[in-house]
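[1] Need a 3D model of the following:
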Amino acid sequence: MDNNKLAEFCKSKIGIPYVLGTNGKLFTKSMYDDLVRRNPSGWFTAARLPAVKGYIGQKTTDCHGLVEWFVREQSGQTYDTTADGAFRAATVKGSIGCIPELPGVCVRYKGHVGIYIGGGYVVEARGFDYGVCETKLSARPWTEWYKHPKIQYPEGRDNVVTKVKRGMTAAQIQQALDKGGYVLFEKAVYVITKTLRIKGNTVLNLNGATLRQGGRIDHILLTDSDRDTVGYSGMHNVEIYGGTLEGMGKYGTELNLLTLCHAANVHIHDMVFLDVVGFHHIEINSSSGVKVEDCRFEGYHSIPGEKDFRECIQIDHAAESALVVVPTGSAWYDGTCCENVVIRGCTFRKSGARPAPSQCIGNHCQIKGGQHRNIVIENNVFAGGNQGNPSGVCVNLVGMENVVVRENEVSEYGRGVRVYSYDKSYTKAGKKIQATGEDGICRNVLVAKNRISKPSGTYKSSGVWVSAANGRHGNVTVRDNLIGESGGMKYAVDVNHCDGGYVSENQGDGLVKVGNTCDGVILVHVQS
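    Residues are numbered from 1 along each chain as shown. Take a look at the predicted model:
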């Protein structure tokens, strides 16, 4: 029962009618009567019954029934489960963006499954109106792929499982990562004494494991690149999920738990980033197509004598001042900014041992002549209150274009959202110079439907503050936010140095202001 036979079998069944609860057996009157009586999921509606009754005497199937049919014909065994049940039973799986070019792997979204046949196409028992049909992979809302637990898949780089076992050293783990493909960890704590580099086309399933800093290193995980890597030409197609990356303050080094650079198509989900030291839980640097979803960011080790100001997730550019991973002067430092970044459904808070981070998402420096583009920050929870810098900014947007900050919950941060530009910029070589023109300015920013409460600092503008030390922002809209008063807050929303945009329907205890440095910003309505 191998993968190629499954793909060919499914192609041979195109045109077979779809009936929920069937799996390739001859559809009989007794089956019809039983299914109508039970009516699973309310599928057997009065409108469908005449057509379904007309299938009596034919073979019919539903989506997972297509695989059950193949298993029965090949082995004589019965495998009766649901599409979601097969996905839960699978041990090798990943997000759809990292699907291997391997006929016979399953693709799914909740409640439904299809069979990938290669070349970007799928065979699926799609539903009553379609039957078994061929569809284009990219045209359907698939969310994950998996190897079906009843199907055999041949060995090969794209489908072999490389296992990382308890007790392996950092060097042995690196050997496993160098193979790429699907890397599966045994659940354990691994002490990392040397930065681990991730190759392209890798699914990294930590499977409950913890990678713990074990020495004076700068990164636990780092995407692979060399001194000549530029643009988004570095590591592509990587998924990381299911475990914990942990920093240890006792080593006294500034540490990124995970660093992405010159990378593209990266999905990070269901991870815990614990007790970062001095730098960032995740640095997204010069990368495109990055999704960070359903992760927890907990705890911050501050460096003695240094005020906390670095973000949990930094969105940064390839300059010598921002990140040193190859020798200075290399082509690597080409000034590339980030684009197409989504941070969704994450939680930011204190850990068991360390206070909450003082700043959560954004950047604190700007490059000469560059902007990050297409950034979405939504449905996250930011819980401060005990951080080392009570004046920290939860979401800090500098030098960004096409940004959405939506439906987040922020409590006990100095400011909820800041849209800003600095008076100094950095060159690619890391030299700090006077900002001019459009350095650091933001365009097309939407801050909407956020709940911001209990500002922890003494800022007069504590909810959403738009201002610029250089240039003028363009088209900033702040609407439908609920902002609670605390401390020294006077303004819930304070917009300055901006051309175009809307300020509307923001509610809270503070004032809403559009300053006289703005031009064309429309104040639609304010409810106190």
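[2] Could you report the neighbour count for L102?
    L102 has 18 neighbours, counted by other CB atoms under 10 Å. C-beta here means a position set from N, CA and C on the backbone, and glycine is covered the same way.
[3] V230 too?
    Using other CB under 10 Å, V230 has 18 other residues around it.
[4] I figured it hits D334, correct?
    Yes: V230 is in contact with D334 according to CB atoms under 8 Å; the separation is 4.6 Å.
[5] Mutual contacts of those two, please.
    A318 (CB atoms under 8 Å, 6 or more residues apart in numbering).
[6] Surely S504 is in a helix?
    No: under DSSP: H, G, I helix; E, B strand; the rest coil, S504 falls outside any helix and is assigned strand.
[7] Alpha carbons of stretch 388-404, as PDB, please.
    The C-alpha trace of stretch 388-404 is given here as PDB (Å, rounded to 0.1, in the frame of the first residue of the first chain):
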ATOM      1  CA  GLY A 388      11.900  46.100  33.900                       C
ATOM      2  CA  ASN A 389      11.000  49.200  31.900                       C
ATOM      3  CA  PRO A 390       7.500  50.400  32.700                       C
ATOM      4  CA  SER A 391       7.800  52.900  29.900                       C
ATOM      5  CA  GLY A 392       8.200  50.200  27.300                       C
ATOM      6  CA  VAL A 393       6.100  50.300  24.100                       C
ATOM      7  CA  CYS A 394       4.100  47.200  23.300                       C
ATOM      8  CA  VAL A 395       4.000  47.500  19.500                       C
ATOM      9  CA  ASN A 396       6.600  49.900  18.000                       C
ATOM     10  CA  LEU A 397       6.300  50.700  14.300                       C
ATOM     11  CA  VAL A 398       9.200  52.400  12.600                       C
ATOM     12  CA  GLY A 399       9.900  52.500   8.900                       C
ATOM     13  CA  MET A 400       6.900  50.300   7.900                       C
ATOM     14  CA  GLU A 401       4.400  50.400   5.100                       C
ATOM     15  CA  ASN A 402       1.100  48.600   4.800                       C
ATOM     16  CA  VAL A 403       0.600  47.600   8.400                       C
ATOM     17  CA  VAL A 404      -2.400  46.200  10.300                       C
END
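[8] Which positions in it come out as buried?
    388-404 (16 or more other CB atoms under 10 Å).
[9] Stretch 290-297 now?
    V290, K291, V292, E293, C295, R296, F297.
[10] quick one: the third one from T427, how far?
    It stands for V292. Distance, V292 to T427, by CB to CB, to the nearest Å: 29 Å.
[11] Could you do S358 as well?
    S358 sits 28 Å away from T427, going by CB to CB.
[12] can you check A139 too?
    Counting by CB to CB, the gap from A139 to T427 is 44 Å.
[13] neighbour-wise, which of these two wins?
    The neighbour comparison of A139 against T427 (other CB under 10 Å) goes to T427, with 16 against 10.
[14] For the stretch 251-400 of the chain, give me the ranges with low pLDDT.
    Residue ranges of the stretch 251-400 of the chain with pLDDT under 70: 305-307.
[15] swap the cut-off to 80 and go again
    303-308, 321-322 (pLDDT under 80).
[16] the strands in it, which residues?
    For the stretch 251-400 of the chain, the strands defined by DSSP state E, counting those that start in this stretch cover 256-261, 264-269, 272-277, 282-285, 288-293, 296-301, 311-316, 339-344, 347-349, 359-362, 372-378, 381-383, 393-398, 400-406.
[17] dump the residue contacts of A170.
    The contact partners of A170, by CB under 8 Å, 6+ apart, come to Y190, V191, I192, T193, K194, L196, G214.
[18] Apply the buried test to those residues and list what passes.
    Y190, I192, L196, G214.
[19] So which of those residues are in strands?
    Judged by DSSP state E, the subset of the buried ones among the contacts of A170 located in strands is Y190, I192, L196.
[20] Could you report the distance from the first one to R296?
    Spatial separation of Y190 from R296 under the definition CB to CB is 19 Å.
[21] Number of residues surrounding L482?
    For L482, the tally of surrounding residues (other CB under 10 Å) stands at 16.
[22] Kindly apply the preceding question to A429 instead.
    Neighbour number of A429 under other CB under 10 Å is 12.
[23] Is it in a helix, a strand, or coil?
    Under three-state DSSP, the three-state class of A429 is coil.
[24] mind listing what it touches?
    Per CB under 8 Å, 6+ apart, neighbours of A429: A319, E320, T328, G329, Y333.
[25] Go ahead and confirm the third one touches E320.
    Yes: judged on CB under 8 Å, T328 makes contact with E320 at a distance of 5.1 Å.
[26] Now for the two: what residues contact both?
    Joint contacts of T328 and E320 (CB under 8 Å, 6+ apart) are A429, G430.
[27] Specify which residue of these two has the higher count of neighbours.
    E320 (19 against 11).
[28] Look up the closest residue to that one, ignoring the ones flanking it.
    Leaving out its chain neighbours, the residue that sits closest to E320 by CB to CB, 6 or more residues apart in numbering is G430, at 3.3 Å.
[29] where does G500 sit relative to G474, distance-wise?
    The gap separating G500 from G474 is 6 Å, by CB to CB.
[30] again, but for P357
    According to CB to CB, P357 and G474 sit 30 Å apart.
[31] before we move on, what about Y182?
    The gap separating Y182 from G474 is 45 Å, by CB to CB.
[32] Could you do G111 as well?
    Going from G111 to G474 by CB to CB gives 43 Å.
[33] returning to that earlier point: for my notes, please list the buried ones among the contacts of A170 in TSV and give pLDDT and distance to N470 for each entry.
    Putting the buried ones among the contacts of A170 into TSV (pLDDT from 0 to 100; distance: CB to CB, whole Å) gives the following:
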residue	pLDDT	distance to N470
Y190	98	45
I192	97	40
L196	97	39
G214	96	42
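[34] Now for the residues you listed: which two are most distant?
    The distance between the two most remote of these (CB to CB) is 11.4 Å, for L196 and G214.
[35] so which two of the buried residues of stretch 290-297 are the farthest from each other?
    The most widely separated members of these, counting by CB to CB, are V290 and R296 (17.6 Å).
[36] ranges for the strands of the stretch 1-150 of the chain?
    Using DSSP E, counting those that start in this stretch, the strands of the stretch 1-150 of the chain run over residues 23-26, 59-61, 93-95, 106-109, 112-118, 121-125, 132-136, 144-146.
[37] These: which one's closest to T78?
    Proximity to T78 (CB to CB) singles out strand 23-26 among these, at 9.2 Å.
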